[in-house]
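>>> here's my sequence, what's the structure:
(chains A and B)
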Amino acid sequence: MDRQGFTVLSQKKLRQVLNHHQPVNIQRRFLSMSKKVISPGQDIVASMVPEFKKNLQTLIAEEGITELEIDLTDVEMVDSVGLGAFIATHNTLSQKNGKLTVINASDDIYSLFKTMRLDQHFEIQQG
Amino acid sequence: MLIDAETIDVYIQETNQSLLDIEKDLLTLENMGDNIDISLAKRIYRAMHIIKNGAALLSVPKIKELSQKIENVLGLICAGKLVPNPEVINILLQGIDRLSQLTNQIDTRDDMDIDEQSVLLTGLTSAVLPDEEKRTVTEVRKIPIPDSQHSFHIAEFNLIQGLDQGNNIYILIYDLIRDVQKKNNTPLNFVRFIQQHGEIIDSLIDIQTVGTLEEYRKAPNMPYFVLLASSLSQDQLIKALNLTMQQVHQVNTTIADLLQPKTELHHSEKQPLGTFSQRQKSLPKRNKGVFNSLWCELYFALDHFNSASSEDLALFKARIQSVLDGIGSYLNQENKILASKILWKINRKTRDHAYQSNIQINVDFQCGSIMMDKRILHRLINPLTVIIIKMIQTEISTQIIFKMIENATTIDICLSFADSTPLKQEILLEIPQSEEKQIQALDGKIIQSFDTHKGLSIKITIPRNPLIIPGYCVEIDNQYYLIPQFNVIDVITSIDQNMWRAYGAEFFYKAAWIPVASLSGLSSGRLYSQDKPAVVICNVGTRCFGLPVDSPEPFKLNGVCHPLSRHLEANILIAGNCLLDDGNIVFVLDMGFLSSQLQPIADS
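Numbering: from 1, shown residues only, chains lettered A, B, ... in the order given. The predicted structure follows:
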């Protein structure tokens, strides 16, 4: 299953609705409480993965985040260890019925995730 | 996964918009005939792919299934295996209509079936395949991965496509940490490296082995399996990819039946990507048969002509004339089609406009059973659509009557408002110049008339049987020329002279006032058109010659012949002239005269 494309817009629009309309709704409050966007702002490579992984663990285990968006703005490269971090995050969230979304992926990273069929496991949106 | 109502609403909006765009693009694609714009085809394919993925994400199986089937057909078009002719486009549009209905009734989707569309689309996909491959479109093959619990699940169709690109299919077994990370490589470069040696049909990472964040170690195992189609042998692949024997497994047993020699696809379905000579060979046999029998008739008549007495001459003349009439009427009939079969697309295009403008447009088509040349009909769609939209924009009415009237020498298309109320003020449309030129290029005229009682009406008059010359439009010294198609053997854009000479063609260096290149100029590397040489290999009778031209890729044209102006009538090199849709003039070269006048370079 491929999750790119259509949901790129859907999610953006969904966020616009949530951000701008600010409706008072229990479900949306709950969504916003369990949802978090993190922006590493640097290449996801072996040297930064231990710290990155620790942050992710804290978010999921301690803050109860189940819907996680990883914003890849300014990320130009993901190495194999970095790929492993994405997969491990997906596996952890799946156990909690959560969802991982990767947003703003560069063309290269997007193409890599697609070729490796990672889009069949979690959603990837192009930047 | 729970999907909230807002996400579904957004999905519906986006999909509706995409479907409208796809519809429009498909019509554009259809109008391109054989020379389709691959980038446009791919754009349509991607848009459909996105709709399919959205449906999969939202768990809407019928939309996913139908969009997958449409995507398969679009994939064949992109690959040049299926020509997007009106029949193909109609089936695609039917599928898109049903997709649109399914999307708008997403909550009651179970009430609507997709059987009819599925059968048509699957039929279309399998129609271009040899009989033994037809079922491959729906059959899924399981390809187990050695020493692993995983398998690839691939449609046979995809496997066959892979086999078309490479001769062998392999499973490559990697570990992304051991084989990539520890070799200081990046996954992206690694994948690109594999792609240099074949086509990745599918791949998968064993994500369970990676584990969760808690289980994740600094250097975990990350098994990665690639299903690769490659023309390399197993030994060559091992060497090229620097792998061990254990990492490369040729897939034989599970696809043994697919590895049997395949019958060729029908040439008529492979037309767009073939060379010109391939396309010539792909003429339907039916046509060849008809022409052969007509030719035999003609030969028989001519054979008796020499020994005929003067009394018999009239009889033989009549016989020859009847054969020529037969050829003429056959050629005419080949392109004749019911006008309504093509012009319905105007309805679709105006409907697109209506959607965007949020208005209702109703065009009442009254085409009767008028037959017209389909090449003319296709070129009428755009200007007529624009005129109808311009009429709607007058805000007099949104109900238009489209009426075709057949006269002795012309076809009139009359456009008027259905419920026009008397108007005091005269209103005339500002028809854009480009559309006006498109009508003029067909030797047609647009006449607007205004009557305070009857309102505004527009009459487009097109010659009933215009002289259409199919040919190749080339550019020589900033002037377009049309070389009749039956004189063109091939169009070569390579600078390799051996390729040109393979035709045994002579190259000409000058002809009256048409400047052509000198062979010495070409052989010394100084090309006629600096960086973009093109040679059209022409054939007139038994003579074969190459005509160097400026355009690197001469385009195919169905030119409607117009009478020459009195200034040009004296020029015996020009047999006629055509107008291009953009208003440019194209001269039709008299190839017979040209070949008789040119001197081959060897003689000079």
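
>>> for residue B:142, phi and psi?
Reported as degrees, to the nearest 10, the phi and psi values for residue B:142 are phi -100, psi 120.

>>> what residues sit buried inside the strand or helix carrying residue B:412?
Per DSSP states H and E, residue B:412 falls inside strand B:410-417. Residues of strand B:410-417 classed as buried under the neighbour-count rule (16 or more other CB atoms under 10 Å in any protein chain shown) are B:410-417. No exception for glycine: its C-beta is placed from N, CA and C like everyone else's.

>>> ditto for stretch B:356-376
Applying 16+ other CB under 10 Å to stretch B:356-376 flags B:361, B:363, B:365, B:367, B:370-376 as buried.

>>> any chance of these in a markdown table, plus distance to chain A and secondary structure?
Written out in a markdown table, the entries for the buried residues of stretch B:356-376 read as follows (distance: CB to the nearest CB, whole Å; DSSP: H, G, I helix; E, B strand; the rest coil):
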| residue | distance to chain A | secondary structure |
| --- | --- | --- |
| B:361 | 28 | coil |
| B:363 | 32 | strand |
| B:365 | 35 | strand |
| B:367 | 38 | coil |
| B:370 | 43 | coil |
| B:371 | 43 | strand |
| B:372 | 41 | strand |
| B:373 | 41 | strand |
| B:374 | 36 | helix |
| B:375 | 37 | helix |
| B:376 | 39 | helix |
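
>>> of all those, which comes closest to residue B:76?
Within the set of these, residue B:374 lies nearest residue B:76; the separation is 22.6 Å, counting by CB to CB.

>>> just give the number of residues close to residue 101.
You didn't pick a chain, so chain A it is. Residue A:101 is flanked by 20 other residues according to other CB atoms under 10 Å in any protein chain shown.

>>> let me rephrase: I mean chain B.
Per other CB under 10 Å, the neighbour tally for residue B:101 reads 12.

>>> in what helix or strand does it lie?
Take DSSP H and E as the rule and residue B:101 turns out to sit in helix B:86-104.

>>> and that helix, how far from the chain's centre?
With CA atoms, centre = their mean, to the nearest Å as the basis, helix B:86-104 stands 19 Å off its chain's centre.

>>> on that earlier part again, listing partners with orientation, what would you give for the strand holding residue B:412?
Its sheet considered, strand B:410-417 pairs with strand B:399-406 (antiparallel), strand B:455-463 (antiparallel) by DSSP bridges.

>>> other residues contacting it?
Residues from elsewhere that reach strand B:410-417 (CB atoms under 8 Å, 6 or more residues apart in numbering or on different chains): B:339, B:370, B:372, B:380, B:384, B:387-388, B:391, B:396-397, B:399-405, B:454-464.

>>> which of those are buried? Put it as a PyMOL command.
Of those, the buried ones go into a single PyMOL selection, burial set by 16+ other CB under 10 Å:
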select buried, chain B and resi 339+370+372+380+384+387+388+391+396+397+399+400+401+402+403+404+455+456+457+458+459+460+461+462+463+464
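
>>> quick check: bridge partners of the residue lying closest to residue B:460 once chain neighbours are set aside?
Across the structure, with CB to CB, 6 or more residues apart in numbering or on different chains as the measure, the residue nearest residue B:460 apart from its sequence neighbours is residue B:413 (4.4 Å). Listed beta-bridge partners, residue B:413: residue B:404, residue B:460 (assigned using DSSP bridges).
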